[in-house]
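Chemist: Model the structure of this input:
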Amino acid sequence: MKVNIYSCLVVFVLGCNVTAAVKHEVVEEKQLVTLPCPHSVEGDVTWSRETNGHRVDILTVEGDRDKKHIPDPGRRYSSLADKSLHIFKVTVSDSGTYLCNNEAAVELTVIPSETTRLIAPKSTTVTLNCSGDVGGSAVTTWSKDGREIQQDEYVYVSPGGKMLTITYVQPGDSGLYYCDGKPAVYLTVMEAETSDRARQKQKRRATQRENDV
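Modeler: Next comes the predicted model:
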């Protein structure tokens, strides 16, 4: 069944041309999301999601009907008239790279509701805090992308671990930070003009990040 694009609140993700980077969209869970194909398409369209190198087909738009490839008891997945993918009440598990006919359309990150969101210019210093009942253990552990964060020249963890400070943040520092395994802060690092001295420190910071991976 098609969804009337004017009948509900949606989050639009802009398409990108062949030479542009894949669009990255961050939304909170339970929102309605619409993902258009990067380019106009004719004929059948298959939408897929890739997560950690594993790809799964979601549905194929065949004429005026949707053919589902995964169980969808809640009918959360459907298509619009322009063959965009419509996801009703997204969940954290909906995160991943979405492909339209095998072409990357958008990288979607779904974060838990009420997660703190912080935007910081590149090369600045940011401090992330555990909030609410997060960080209840004696010594708090911070992690990102499934890896525990270790203190170094650019990363400082306060005594007890309730605060995480990162200096000279880089775009690679963007992402969802966990405090004792619970979502704490989603950090977005924006590009900014910097001095030669700052660029040198950025290069050192980036090199260190590569060595840590």
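Chemist: From now on I want contacts and neighbour counts done on CA atoms only, so please keep to that.
Modeler: Will do.
Chemist: For this protein, which residue occupies the most central location?
Modeler: The chain has residue 109 as the residue nearest its centroid, 2.6 Å off, counting by Cα atoms, centre = their mean.
Chemist: mind listing what that one touches?
Modeler: Contact partners of residue 109, counting by Cα atoms under 8 Å, 6 or more residues apart in numbering, are 24-27, 92, 94-96.
Chemist: okay, the residues you listed in a markdown table with neighbour count and secondary structure next?
Modeler: Converted to a markdown table, the contacts of residue 109 look like this (neighbours: other Cα atoms under 10 Å; DSSP: H, G, I helix; E, B strand; the rest coil):
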| residue | neighbour count | secondary structure |
| --- | --- | --- |
| 24 | 14 | strand |
| 25 | 17 | strand |
| 26 | 15 | strand |
| 27 | 19 | strand |
| 92 | 16 | helix |
| 94 | 18 | helix |
| 95 | 20 | coil |
| 96 | 21 | strand |
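Chemist: Can I get those residues in CSV including distance to residue 54?
Modeler: As requested, those are exported to CSV (distance: Cα to Cα, whole Å):
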residue, distance to residue 54
24, 19
25, 20
26, 21
27, 22
92, 16
94, 13
95, 12
96, 10
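Chemist: from those residues, which is closest to residue 115?
Modeler: Nearest to residue 115 among the contacts of residue 109, counting by Cα to Cα, is residue 27 at 10.4 Å.
Chemist: Now the residue lying closest to that closest one once chain neighbours are set aside: which helix or strand?
Modeler: Nearest residue to residue 27, sequence neighbours excluded (Cα to Cα, 6 or more residues apart in numbering): residue 110, at 5.1 Å. Per DSSP states H and E, residue 110 falls inside strand 103-111.
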